[in-house]
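[1] Predicted model follows, preceded by the sequence.
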Amino acid sequence: MTTQLNPVLRHGASISLIALIVLCLLWELKIAPLRPGGSLLALKALPLLLPLRGVLKGQLYTLQWAAMLILLYFMEGVVRAWSDPSPLSAWMGGLEILFSLVFYLCAIFYLKPAKRAAKQRAAQREGKVS
C-alpha cells in the first residue's frame, strides 16, 4: 500500500517557510526594527533554517517537528500584532501569523495520509501478531 502525499501542500509549506524567514529578516533589519539600523531579533530567523532542507524535500519527520516549532512564530506574531505600538510592526506581526498558519496547515494536511497509513500498518501488524 502506497501513500499518496499532496505535492501542493509540500510546496505551500516550503513557500510559507521561506516567506517567514524573509519576513523575519526584513522586519528586524529594515522595515520595522526595534532599534534604528537593525535589531538582534533578526536572529529569530535562524531556527527556521534548521528544518528548511527537510521541508523542501518533504521529509515527514522534519515536517512534524517544524509544525511544532512554527507555533512559536505564530504566538510571537499574535503578541506583536496586538501589542506593538508601531502600526507597521503590528502589520508585520499579522503577516507572521498568516505565514506560520499557512505552514502549519499545509504541514498537518500533508502529513495526514502518511499518519493514517502508518496507523493502518500498525493495526495490521497487531492483527497478524495476535
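    Arrived safely.

[2] who does the strand or helix carrying Ile108 touch, helix- and strand-wise?
    Ile108 is located in helix 87-129, with elements delineated by DSSP states H and E. On a contact count with 3 or more C-beta pairs under 8 Å, 6 or more residues apart in numbering; DSSP states H and E, helix 87-129 meets helix 7-26, helix 60-83. (Each C-beta comes from the backbone N, C-alpha and C, glycine too.)

[3] looking at these, which is buried most?
    Comparing the helices and strands packed on helix 87-129 by mean neighbour count (mean count of other C-beta atoms under 10 Å), helix 7-26 ranks first with a mean of 18.

[4] Next, the angle helix 60-83 makes with that one.
    Using axes from the mean of the first three to the mean of the last three C-alpha atoms, to 10 degrees, the inter-axis angle of helix 7-26 relative to helix 60-83 is 50 degrees.

[5] Averaged pLDDT, the next helix-or-strand element following helix 7-26. What do you get?
    Counting by DSSP H and E, the next helix or strand C-terminal to helix 7-26 is helix 46-49. For helix 46-49, mean pLDDT is 98.
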